[in-house]
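Chemist: Quick one, fold the following:
(one chain, ligands or ions: 1)
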Amino acid sequence: MGLFDLFKNVVIGEDSLKDALEKSGAEFRPMNEEDLWGVMAIESRVYQFPWSERIFRDCLSSGYSSWVYEGAGVIVAYGIVSAAAAGEAHILNICVHPDAHMCGYGRKMVEKLICVAAEHKAETIFLEVRPSNHGAIKLYERLGFEEIGRRKSYYQALAGEREDALMMSFKIEGNATFKDFC
Ligand SMILES: CC(C)(COP(=O)(O)OP(=O)(O)OC[C@H]1O[C@@H](n2cnc3c(N)ncnc32)[C@H](O)[C@@H]1OP(=O)(O)O)[C@@H](O)C(=O)NCCC(=O)NCCS
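Modeler: Residues are numbered from 1 along each chain as shown. Alright, predicted model coming up:
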């Protein structure tokens, strides 16, 4: 039984998972190396082509802004955004524990990364997403991201195939809506 299952069985009682997590004082904090086993457990469950632990370690050592959302010692979501250079920031990874999808944590994490980018004076924040990842695209569109192009054959796919990436962006500068959640 994983930690998250334990958390659900022991802590939740009559509460919904989300209520229990919020009551436990769930909050954002910077990701550190000790988080990587928990992060990798989620990463390998949700992605067909997960990042390796090495990539996460490189993000941490490169100083990319890396966050977890944690409740009762359990990582619920994580996200990584590159620091702004030339007014640009890039969301490199955003992921929610599979048992906590559709509870608003994806939105919460993307909003957090937008706020971090704004603090770094980014004017625009970019990301790539698989066209087949309808849930993620919906999340980004709901937040106000717009499609700006495609990168051909960007992602690894099954059977040695490649999949394009949709490129999306969110304008921070001059955008009053992001101040609602920052
Ligand atoms: C994509 C992901 C981050 C969404 O996180 P989530 O916590 O489930 O999403 P939220 O509950 O915050 O949903 C935000 C909005 O997106 C919509 N949405 C999220 N997932 C959806 C899905 N699978 N299908 C349809 N809509 C979806 C929600 O309905 C919600 O819309 P609303 O504002 O109209 O209510 C999550 O599914 C995940 O971790 N997936 C695996 C990793 C991944 O694909 N990351 C993105 C890589 S680019």
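Chemist: Touching the top helix by length along the chain from outside, list them.
Modeler: What stands out as the longest helix in the chain, according to DSSP state H, is helix 105-119. Contacts with helix 105-119, where a contact means C-beta atoms under 8 Å, 6 or more residues apart in numbering, come from 28, 65, 67, 69, 76-81, 84, 89, 91, 94, 96-97, 125, 136, 139-140, 142-143, 170, 172, 178, 181-182. For every residue, glycine as well, the C-beta is placed using N, CA and C.
Chemist: Restricted to buried residues, select the residues you listed in PyMOL.
Modeler: Buried residues within the contacts of helix 105-119, by 16 or more other C-beta atoms under 10 Å, are selected in PyMOL with:
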select buried, resi 28+65+67+69+76+77+78+79+80+81+84+89+91+94+96+97+125+136+139+140+143+170+172+178
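Chemist: Quick check: which of the contacts of helix 105-119 are also close to the ligand?
Modeler: Ile94, Val96, Ala136, Leu139, Arg142 (C-beta under 6 Å from any ligand atom).
Chemist: want to throw the residues you listed into CSV with pLDDT and secondary structure?
Modeler: Converted to CSV, those look like this (pLDDT from 0 to 100; DSSP: H, G, I helix; E, B strand; the rest coil):
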residue, pLDDT, secondary structure
Ile94, 98, strand
Val96, 97, strand
Ala136, 98, helix
Leu139, 98, helix
Arg142, 96, helix
